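# let's see this in three dimensions:
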Amino acid sequence: MNKKLTAKTQKLVKTLPTLSKSFASSITIEPEESDLIEKRGVIYSVFDLTVPSDIDPLLVTKIVNDVLFDSYYSSDSISPIQALEKALVNVKDKVVQLAETQLKEETSASFNILAAVLWGNVLYMVQFGKGGSFLVRENAVKPVNSATEGSFSVASGIVKDEDVIILATQSFLDSHTIQDLVSGAVSFSMHDLPDSAAAFLLKFDTISEFTEQEKIDFNLGDRMPEIKPGGSKMSSGLGFKNLPKISLTKVRDKKFSWYYLVFALLAFGLMFSVFTVLKNKGESPNNASGENSTDRDVAPVVNEAALSSEELAAKQKVEDEKNKISRVDAKFFYDLKLVEESATPSEIVVLDNQVVVSDKASGKVYISSKTTPKFELSSNQFVGITNLNYFGGDLSFTDNEGYKVFDLTAQKVIESYAGKVGGPAAPYLAFVYGVSGNVVQKYQLLDSGLSATTWATSEDFSGANSIAIDGNIYILKPDGLVKYLSGQKTDFSLDSLDKKLSGAVKVVKDVDFTNVYVADARNKRILVLDEKGGLVKQILSNNDDFDDIKSISLSRDEKILYILSGSKVFEVAL
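Numbers count the residues shown, from 1 in each chain. All right, here's what the predicted structure looks like:
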């Protein structure tokens, strides 16, 4: 019989500050879905980061947590060791990207991370950079024997009842010995730990036993030794500027198309017509019939009415490619009028498995599964509901009473903070940011309600109707979009657009999305922008589906765009 173990944990780490140049953190990632735990286990991780300038530790920790979860648990076709290695590479990439974005430069820093997964009675460990892992068995402390390649070390093996595994950052090991930690011979306060010091203790207990037939094959072959003593030192940590980045690039074949020939012929015709007109101007003012040339009807140089449908299509295609326009046949998802004829939906947001639409005027909320389109009216109503957002899997919003977080499964409010948020708002970490006039307010969420302080003041904010946050704050007005970081305006320009914003209603961006999305209602388009404001593409409908855009949202994997237009919801694959 094989044993299935669980781990009791203890974290030795300082409370994270608001901003810091050096910090450490530890996280446990245990999926809510029991089948994921059965198939892939539970993740335990400790990491540290040191950068030249202050950075937001809570944001970094959230990114490490989210990327580890998404990358590891979605890699179900490879072994846990391979999945952990892949996940740590993805974590490193995201942390690099965040550091360069917030510090506005390519920066040299130290990032180190250790991650372990317990599945059944087997522990898999991967380490990037500096740090250490130790096995405590029968009161004997021994370093975990690991195989090292470059900046990575890996180990896997069977753990037993009462075994203890310790994962520690290098700063912790420099300030304390593991033997002292285990024996209790030396007492210390977590407040006295160095900023980048952290340790994670895992003690294993049996919860059940299972047969060989119940084991899941990870294609690891016979390489399943017990964790053995021995010493394998990690290589030194790498600076961000030396870390390789992984990127996916779409490549489009450059082929000669017949419409370029048509365009060239049109251009030649234009030149010939201009030449003829100029030539006629140089002749006698009277023609053979004695008429003055100014009285003659001169045909337009390019008569589009005379062009064939194929020629018009070719001309349109050239213009679309120049302006990065993608014309789509949006897929119909649902019409809220089918639920209630009186429905006047105003906003949409996509959660993990549901699509939510709200009606600000009535306070009603409509909910549909993503996979089976059918909106149903929630029994809850929130007068003045607006500012719908995804918040850790739940729905957050503001209404006439304040800011709330709503659990769709339980159909109840799980957090409520009284106070007035007068304009567009969005949650970020433990705060809510809202625009009121020319001021961005930062709201603390207290038991007594919302407590506002001024985050930034600028005329850029006046008239704002939407806000999005990924560490930066994007503030949208009907005719413009600005980006701020730490209260200061950043380099962000919409100069690449062929048309200026007109009646823009919604901006979407968070830490999980690569691009910025803007619903430009009057121009009947959705703009996809990069983080500098550069145009990635414009999405237009081949028919009238985008004639009354009110709001947009995205699936959490950034693959499906949802558009609320009038009372109808459409979806577009990105």
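
# mind listing the helices for the stretch 251-400 of the chain?
In the stretch 251-400 of the chain, the helices defined using DSSP state H, counting those that start in this stretch lie at 258-281, 309-322.

# scratch that, the chain is what I was asking about
34-40, 57-74, 80-103, 170-175, 178-183, 258-281, 309-322 (DSSP state H).

# any idea which of these scores lowest on pLDDT?
Per-segment mean pLDDT for these reaches its minimum on helix 258-281, at a mean of 48.

# outline the domain layout of the chain.
2-242, 257-281+306-322, 328-573 (automatic domain parsing).

# got the contact list for residue 368?
333, 334, 354, 355, 357, 374, 375, 376 (C-beta atoms under 8 Å, 6 or more residues apart in numbering). All C-beta atoms are positioned from the backbone trio N, CA, C, and that covers glycine.

# could you dump these to TSV with distance to residue 90 and neighbour count?
Listed next are the contacts of residue 368 as TSV, based on distance: C-beta to C-beta, whole Å; neighbours: other C-beta atoms under 10 Å:
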residue	distance to residue 90	neighbour count
333	31	20
334	34	19
354	26	16
355	27	24
357	33	27
374	35	11
375	35	24
376	37	11
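
# the closest residue to residue 498 other than its chain neighbours - how many residues pack around it?
Nearest residue to residue 498 in three dimensions, chain neighbours excluded: residue 323, at 4.4 Å (C-beta to C-beta, 6 or more residues apart in numbering). For residue 323, the count of nearby residues is 15 (other C-beta atoms under 10 Å).

# now residue 323: phi and psi?
phi -100, psi 10 (degrees, to the nearest 10).

# give me the pLDDT value at it.
pLDDT, read off for residue 323, is 95.

# thought it was touching residue 496?
No. Contact criterion C-beta atoms under 8 Å: residue 323 and residue 496 do not qualify, at 9.2 Å.

# any residues in contact with both of those two?
Joint contacts of residue 323 and residue 496 (C-beta under 8 Å, 6+ apart) do not exist.

# dead centre of the chain: give me the residue that sits there.
Central residue of the chain (C-alpha atoms, centre = their mean): residue 512, 1.1 Å from the mean position.

# pLDDT on stretch 385-392, on average?
On average, stretch 385-392 scores 96.

# nope, stretch 417-428 is what I was after
94.

# pull up the distance across it, start to finish.
From its first residue to its last, stretch 417-428 covers 15 Å (C-alpha to C-alpha, to the nearest Å).

# what lies in contact with it?
Against stretch 417-428 from outside (C-beta under 8 Å, 6+ apart): 387, 389, 391, 396, 398, 401-404, 432-437, 441, 443, 445-446, 448-452, 464-469, 471, 475-476.

# are any of the residues you listed buried, and which?
387, 389, 391, 396, 398, 401-404, 432-436, 441, 443, 445, 449-450, 452, 464-469, 471, 475-476 (16 or more other C-beta atoms under 10 Å).

# what bridges to residue 111?
Residue 111 has these beta-bridge partners by DSSP bridges: residue 49.

# now do it, the pLDDT please.
Reported pLDDT for residue 111: 90.

# these two touch, right, it and residue 92?
Yes. Assessed by C-beta under 8 Å, residue 111 is found in contact with residue 92 at 6.3 Å.

# now residue 495, nearest residue through space, not along the chain?
Per C-beta to C-beta, 6+ apart, closest to residue 495 is residue 533, 7.7 Å.

# for the one you found, phi and psi?
phi 100, psi 0.

# what residues are up against it?
Contacts of residue 533 (C-beta under 8 Å, 6+ apart): 481, 483, 492, 493, 494, 495, 496, 516.

# that older thread, closest one to residue 15 among the helices of the chain?
helix 57-74 (9.8 Å; C-beta to C-beta).

# give me the mean pLDDT for stretch 144-163.
83.

# which stretches of the protein have low pLDDT?
Low-confidence segments of the chain, defined by pLDDT under 70: 1-4, 102-107, 183-190, 207-308.

# so what touches stretch 333-344?
So stretch 333-344 is contacted by 345, 355, 357, 359, 361-362, 364, 366, 368, 373-377, 562, 567-571 (C-beta under 8 Å, 6+ apart).

# re earlier: now do the residue nearest to residue 498 against residue 507, distance only.
Counting by C-beta to C-beta, to the nearest Å, the gap between residue 323 and residue 507 amounts to 20 Å.

# also residue 545?
Distance from residue 545 to residue 507, by C-beta to C-beta: 20 Å.

# ok, and for stretch 415-432, which residues are buried?
Buried residues in stretch 415-432 (16+ other C-beta under 10 Å): 417, 419, 421, 423, 424, 425, 426, 427, 428, 431, 432.

# redo the residues you listed as TSV? Include distance to residue 12.
Output for the buried residues of stretch 415-432, formatted as TSV (distance: C-beta to C-beta, whole Å):
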residue	distance to residue 12
417	32
419	37
421	38
423	43
424	41
425	37
426	34
427	30
428	28
431	27
432	32
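
# which one of those residues is nearest residue 383?
residue 421 (14.0 Å).

# what count of nearby residues applies to the residue nearest to residue 328 when sequence neighbours are not counted?
Excluding the flanking residues, the one nearest residue 328 by C-beta to C-beta, 6+ apart is residue 572, at 5.4 Å. By the criterion of other C-beta under 10 Å, residue 572 has 19 neighbours.

# in the sheet, who's paired with residue 572?
Beta-bridge partners of residue 572, as defined by DSSP bridges: residue 561.
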